[in-house]
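Engineer: Return atomic coordinates for the entry below.
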Amino acid sequence: MLFRVLQAWNTTFISGVLHGNLNPNFYGDYVLQDAIYCRIVAQLWTELANNATVDKKVRRYANDSISGYEACSVQLFDRWSVKDDGGDNYGVLLQNPVKEYTTYINETMIAHPPNALIATYACLKLWTNLTNELWDIVKDETSNPYRVWVNENRDDGSSAREQAAQMDEWDRKYQWYDWSEALSLYRSAMLNEINFFNHAGNSSKYLSV
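Structural biologist: Okay, the predicted model is just below:
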């Protein structure tokens, strides 16, 4: 997994933020796609929480996970003054990196609901590592235009730790995880993260809102 973390540092978004030379159009596109990602994942957690065929413990965890993703989505859209069009995406075109990533999460949830935590863990873990390491590097670089973004998006890692602890508990008590499969799923999630960092900012066309 160290290789994937190193890959993340070389992606268009993270490298651009680090060096302060990220194309502003890429940055804007990326943030809006991130907002869509959060909105869709909130919807997927909602569907899982409302699925009566799923174990109550998983449904409870899913229900507790909804608000964080919803709040992130609304905050990002509001910050960019993108109004709610009443649809799924606030009028912003869904690009392939988000579509592919959220499709992967959805398919993983459907196949084995406890694996939802694996499919979403890569984002939580990688985000914590990257933003905190980025801040250590750019905190004194006041000329870096993305320094403010890094500071605002630093994460204490509590969500990642809680999710990892929940998976460990479920496996200890109920043996819900095949860890060989889990590693494969985590690798897939990490690849989706890399793809997101490299390509989520490539779009510059949006639906009229």
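
Engineer: contacts and neighbour counts: CA atoms only from here.
Structural biologist: Fine.

Engineer: Now for the chain, the helix or strand with the poorest mean pLDDT.
Structural biologist: Across the helices and strands of the chain, mean pLDDT, DSSP states H and E gives its lowest value to helix 2-9, namely a mean of 73.

Engineer: Pull the distance from the following helix or strand past that helix to the chain's centre.
Structural biologist: Downstream of helix 2-9, the first helix or strand assigned by DSSP states H and E is helix 12-19. Between the centre of helix 12-19 and the centre of its chain there are 17 Å (Cα atoms, centre = their mean, to the nearest Å).

Engineer: Likewise for stretch 53-61?
Structural biologist: Here stretch 53-61 is found 22 Å from its chain centre; the criterion is Cα atoms, centre = their mean.

Engineer: The residue most central in space within the chain: helix or strand, and which one exactly?
Structural biologist: In the chain, the residue lying closest to the centroid (Cα atoms, centre = their mean) is Cys123, at 4.4 Å. Following DSSP H and E, one finds Cys123 within helix 116-138.

Engineer: which residue packs closest to the residue nearest to the centre of the chain, ignoring adjacent ones?
Structural biologist: Spatial nearest neighbour of Cys123, excluding adjacent residues (Cα to Cα, 6 or more residues apart in numbering): Glu193 at 6.8 Å.

Engineer: now do Asn153
Structural biologist: Distances taken as Cα to Cα, 6+ apart put Thr131 closest to Asn153, at 6.6 Å, once the chain neighbours are dropped.

Engineer: That neighbour: neighbour count?
Structural biologist: 20 (other Cα atoms under 10 Å).

Engineer: Am I right that it is in contact with Arg154?
Structural biologist: Yes: the pair Thr131 and Arg154 passes the contact test of Cα atoms under 8 Å, sitting 5.1 Å apart.

Engineer: so how far is the helix or strand hosting the residue nearest to Cys123 off the chain centroid?
Structural biologist: Using DSSP H and E, the element containing Glu193 is helix 179-199. A distance of 11 Å separates the centroid of the chain from that of helix 179-199, by Cα atoms, centre = their mean.

Engineer: Enumerate every residue touching the residue lying closest to Tyr101 once chain neighbours are set aside.
Structural biologist: Leaving aside its chain neighbours, Tyr101 sits nearest to Asn192 (5.6 Å; criterion: Cα to Cα, 6+ apart). Applying Cα atoms under 8 Å, 6 or more residues apart in numbering, one finds that Asn192 lies in contact with Pro97, Glu100, Tyr101.

Engineer: Tell me how far Asn192 lies from Tyr146.
Structural biologist: 23 Å (Cα to Cα, to the nearest Å).
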